[in-house]
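Peer 1: I would like to see how this sequence folds:
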Amino acid sequence: MKLFAVSDISSGTKGSEAMQKKIFATYMIVVLISLLVLGILMLDKVDDYLTEGIESRLMSNAKILQRVVQKQMAEGANKEEIQRFIMDTGSDLNSRITVIDIEGNVIADSDIRSLEIENHKSRPEVKNALKGEVGMSIRYSTSLKKNMMYVAVPIQRNNAITGVVRLSLPLVEIKQLSNSVLRIVFWTTLIGLIIAFIFSSLFSKKITKPLQDMAMAAGEIARGNYNMKIRTRENGEIKALANSFNIMTDSLQQTVRELTDRKRKIEVVLSSMTDNLIAVDHNCNVIMLNPSAEGFFKINEQDALNRHLLEIVRNQDLYEYINEVLINGQVVSKEFKIFKPEERVFRVNIAPILEENNCGAVAVIRDMTEFKKLEKARTEFVANISHELKTPLTSISGFIETLLDGAYKRPEDCLHFLEIIKQESDRMTRLINDLIYFSNLENPKTPMAKSKVDIIKMINKALNALQTAIDEKRHEVIVKKPDKAYVWASEDAVIQLLINLLDNAIKYTQPDGKIEVIVKEQSEYIAVSVADSGVGMSREEISRIFERFYRVDKSRSRDIKGTGLGLAVVKHLLKAQGGDISVKSELGKGSTFTFRLPKA
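Peer 2: You can find the predicted model right below:
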């Protein structure tokens, strides 16, 4: 059994490839979004963390400075002393320190001379500190032209607010740290995407490989290869699906095999049918022809399919019979005739084809011409033999009644009547013997033994047997023959057919007539012609002279005795010997019978 393996890209794999791309793209998008969200959250948390850290540090330093500055001011330190302290401390703390009085004027500043600084009473953090609260704000410094974080605490003396100590720190440090984190997030995201790319490719291929195998196998099955099997190492649903697919393939293969076998048997049956079969759909369009019907209608099945019945069979009677079945759905058996090229009789049996969504009809057409001819011949045979037997029986019965009425008392009449009765009895005996002989010819128990036969010797033997009849009618018999001529046949058959043909020539030729026997050698046959100068026959009679009991025009053969079986016997003898016979005749000028037998 052939195992499935992926070797190329075909139409059966396009769907699996598309699914693989979708799975891959989905994983990549999920990973990218996850990393981006994680990076954004991380940046936000880092910003918050750094901001809180700076705020906490500024708050601690501000409270310490508040106590120191509050003590200095209580001890009466002037602005210069406070300025020096603030500048030294600001350098140590790496922060900007500002001391503001209750009116908002800057007393001291670690970065800028106080005289150059505008009033700070309106600053948010200063406002809160002057209210006795801890003020904090992040804003753009118009003095230093940069974003700063400010923390301000009040300076109190005797429970009264006398000023504000403010610490500030530029947010550049936070920006730098945020940029560092952003770079880390970027590279982390890029590395994550690369790793995700690799794993997504492997994972998507692993998922879609069995599906791709199934798609390829399904494509092979669609092309008629039912031996495809899927082998997978996966477990779970994929393995169950593969097993179900393999079971389905086996079942499908078995079903197709059964259907193919059934189709082949039907085709063999249809091909073996001697009857003509034609099937049509509900619109009377041809859907099937068997080989016999193809030959009969002289059309190929492929050319006839889906064409209307009347385009194939130009016979109105047959069309009407089939149409009747399509309408009524009943079986019909009818006879119809076709007159071209010659009259032929057909019997058609038509049955409906009933389906769930459709209907049609199938017609079996049988040629009944030979059967009709045989039926007619049988009828004529019965009539002829009845006539042939009735005539002598009537004659015998009449003379016997005459004898019983007293004619037997007159010796002369009695002898005359008995002679007639004997003649009629002999006539019936000949008829019965001919019938028995003819029956044996038609149904031989054993075939006639063939051998090398000297046809010249057989002609002489037949002429000798009929010499008395020839002499009585003073016929001139001429034999034209080669020195030697041999045929392969039965000697008894040859002598019988020669006697029958010569006897016919003698009977139907007037006294002092002429009879010729001509022997000719052909390539494979020996031809023997028996020609007479007798009454001859018409064309219509020639076509029937080999029928049993057929006799030519009674007006020309009234006085000729015979059973009417002689030429029928000749035809059957020649057929059994592998020969044939032909006739040429003209009224008033005689007839020529020519038979041929295989050369020995």
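
Peer 1: pull the helix or strand with minimum mean pLDDT from this structure.
Peer 2: helix 554-557 (a mean of 47; mean pLDDT, DSSP states H and E).

Peer 1: helix or strand next in line after that helix, which one?
Peer 2: As assigned by DSSP states H and E, the chain's next helix or strand after helix 554-557 is helix 566-576.

Peer 1: next structured bit after that following helix?
Peer 2: strand 580-586.

Peer 1: can you list the residues that contact the helix or strand just after that next one?
Peer 2: Heading C-terminal from strand 580-586, the first helix or strand you meet, by DSSP H and E, is strand 590-598. The contact list for strand 590-598 (CB atoms under 8 Å, 6 or more residues apart in numbering) reads 455, 487-489, 494, 497, 501, 504-505, 508-509, 522, 524-537, 570, 574, 577-585. Where you see a C-beta, it was placed from the backbone N, CA and C, and this is true even at glycine.

Peer 1: so which of the residues you listed are in helices?
Peer 2: Applying DSSP state H to the contacts of strand 590-598, the entries found in helices are I455, V494, L497, L501, N504, A505, V570, L574.

Peer 1: can you tell me which of these is nearest A600?
Peer 2: I455 (9.1 Å; CB to CB).

Peer 1: contact partners for the residue lying closest to that closest one once chain neighbours are set aside?
Peer 2: What sits nearest to I455 in space, not counting adjacent residues and going by CB to CB, 6 or more residues apart in numbering, is A485, at 4.7 Å. Applying CB under 8 Å, 6+ apart to A485 gives the contacts D454, I455, I456, V519, E521, I526.

Peer 1: of the ones in helices among the contacts of strand 590-598 - the most surrounded one?
Peer 2: Counting neighbours by other CB atoms under 10 Å, the top entry in those is L497, with 29 neighbours.

Peer 1: P482 and I526 touch, don't they?
Peer 2: No: between P482 and I526 there is no contact under CB atoms under 8 Å: 9.2 Å.

Peer 1: mutual contacts of these two, please.
Peer 2: Going by CB under 8 Å, 6+ apart, residues that sit against P482 and also against I526 are V519, K520.

Peer 1: which one's more surrounded, those two?
Peer 2: For the pair P482 and I526, the greater number of neighbours falls to I526 (24 against 11), based on other CB under 10 Å.

Peer 1: closest to G295 among the ones in helices among the contacts of strand 590-598?
Peer 2: L574 (29.1 Å).

Peer 1: farthest pair within the contacts of A485?
Peer 2: D454 and E521 (13.3 Å).

Peer 1: what's the distance between the host helix or strand of M458 and the middle of its chain?
Peer 2: Using DSSP H and E, M458 falls within helix 455-465. From the chain centre to the centre of helix 455-465 is a distance of 69 Å (CA atoms, centre = their mean, to the nearest Å).

Peer 1: and the following helix or strand past it, which residues are buried?
Peer 2: Remark: after helix 455-465, the chain's next helix or strand is helix 467-472, criterion DSSP H and E. Buried residues in helix 467-472, counted by 16 or more other CB atoms under 10 Å: I470.

Peer 1: what do you get for stretch 259-273?
Peer 2: So for stretch 259-273, counting by 16+ other CB under 10 Å, buried means L270.

Peer 1: contact partners of that stretch?
Peer 2: With CB under 8 Å, 6+ apart, stretch 259-273 has contacts from L277, N290, P291, S292, V364.

Peer 1: please name the bridge partners of the first one.
Peer 2: It refers to L277. Assessed by DSSP bridges, L277 has beta-bridge partners V364.

Peer 1: counting neighbours, what do you get for it?
Peer 2: So L277, with other CB under 10 Å, has 17 neighbours.

Peer 1: ditto for the third one
Peer 2: Using other CB under 10 Å as the criterion, P291 is surrounded by 15 other residues.

Peer 1: helix or strand: which one has the residue lying closest to it once chain neighbours are set aside?
Peer 2: Nearest non-adjacent residue to P291, counting by CB to CB, 6+ apart: S271, 5.2 Å away. Assignment of secondary structure by DSSP H and E places S271 within helix 237-272.

Peer 1: one more: I86?
Peer 2: Secondary structure (DSSP H and E) places I86 in helix 79-93.

Peer 1: can you show me the CA trace of that helix as PDB?
Peer 2: Extracted as PDB, the C-alpha positions of helix 79-93 are listed here (Å, rounded to 0.1, in the frame of the first residue of the first chain):
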ATOM      1  CA  LYS A  79      20.800  86.700  53.000                       C
ATOM      2  CA  GLU A  80      24.500  86.200  52.100                       C
ATOM      3  CA  GLU A  81      25.000  83.600  54.800                       C
ATOM      4  CA  ILE A  82      21.800  81.800  53.700                       C
ATOM      5  CA  GLN A  83      22.900  82.100  50.000                       C
ATOM      6  CA  ARG A  84      26.300  80.600  50.700                       C
ATOM      7  CA  PHE A  85      24.800  77.700  52.700                       C
ATOM      8  CA  ILE A  86      22.200  77.100  50.000                       C
ATOM      9  CA  MET A  87      24.800  77.000  47.200                       C
ATOM     10  CA  ASP A  88      27.100  74.700  49.100                       C
ATOM     11  CA  THR A  89      24.200  72.400  50.000                       C
ATOM     12  CA  GLY A  90      22.700  72.500  46.500                       C
ATOM     13  CA  SER A  91      26.100  71.400  45.100                       C
ATOM     14  CA  ASP A  92      26.200  68.500  47.600                       C
ATOM     15  CA  LEU A  93      22.700  67.400  47.000                       C
END
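
Peer 1: quickly run through the sheet partners of the helix or strand that comes right after it, with directions.
Peer 2: Towards the C-terminus, the helix or strand next in line after helix 79-93, according to DSSP H and E, is strand 96-101. Partner strands for strand 96-101, per DSSP bridges, with pairing direction: strand 106-109 (antiparallel), strand 160-170 (antiparallel).

Peer 1: how about the strands of the stretch 1-150 of the chain, start to end?
Peer 2: Here the stretch 1-150 of the chain has its strands, by DSSP state E, counting those that start in this stretch, at 96-101, 106-109, 135-141, 146-157.

Peer 1: same list (these) but as TSV, adding mean pLDDT, mean neighbour count and distance to K599.
Peer 2: As requested, these are exported to TSV (pLDDT from 0 to 100; neighbours: other CB atoms under 10 Å; distance: least, CB to CB, whole Å):
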stretch	mean pLDDT	mean neighbour count	distance to K599
strand 96-101	89	23	142
strand 106-109	87	22	149
strand 135-141	84	16	133
strand 146-157	87	20	131
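
Peer 1: figure out which of those is closest to D44.
Peer 2: That would be strand 135-141 among the strands of the stretch 1-150 of the chain, by CB to CB, at 15.2 Å.

Peer 1: quick one: Y508 and V535 touch, right?
Peer 2: Yes: judged on CB under 8 Å, Y508 makes contact with V535 at a distance of 5.3 Å.

Peer 1: burial check on K575, number of neighbours?
Peer 2: Using other CB under 10 Å, K575 has 13 neighbouring residues.

Peer 1: next one: S543
Peer 2: S543: 12 neighbours (other CB under 10 Å).

Peer 1: quick one, phi psi at it?
Peer 2: phi -70, psi -10 (degrees, to the nearest 10).

Peer 1: and Q70, what does it touch?
Peer 2: I155, Q156, R157.

Peer 1: oh sorry, the question was meant for T89
Peer 2: L65, V68, I97, S110.
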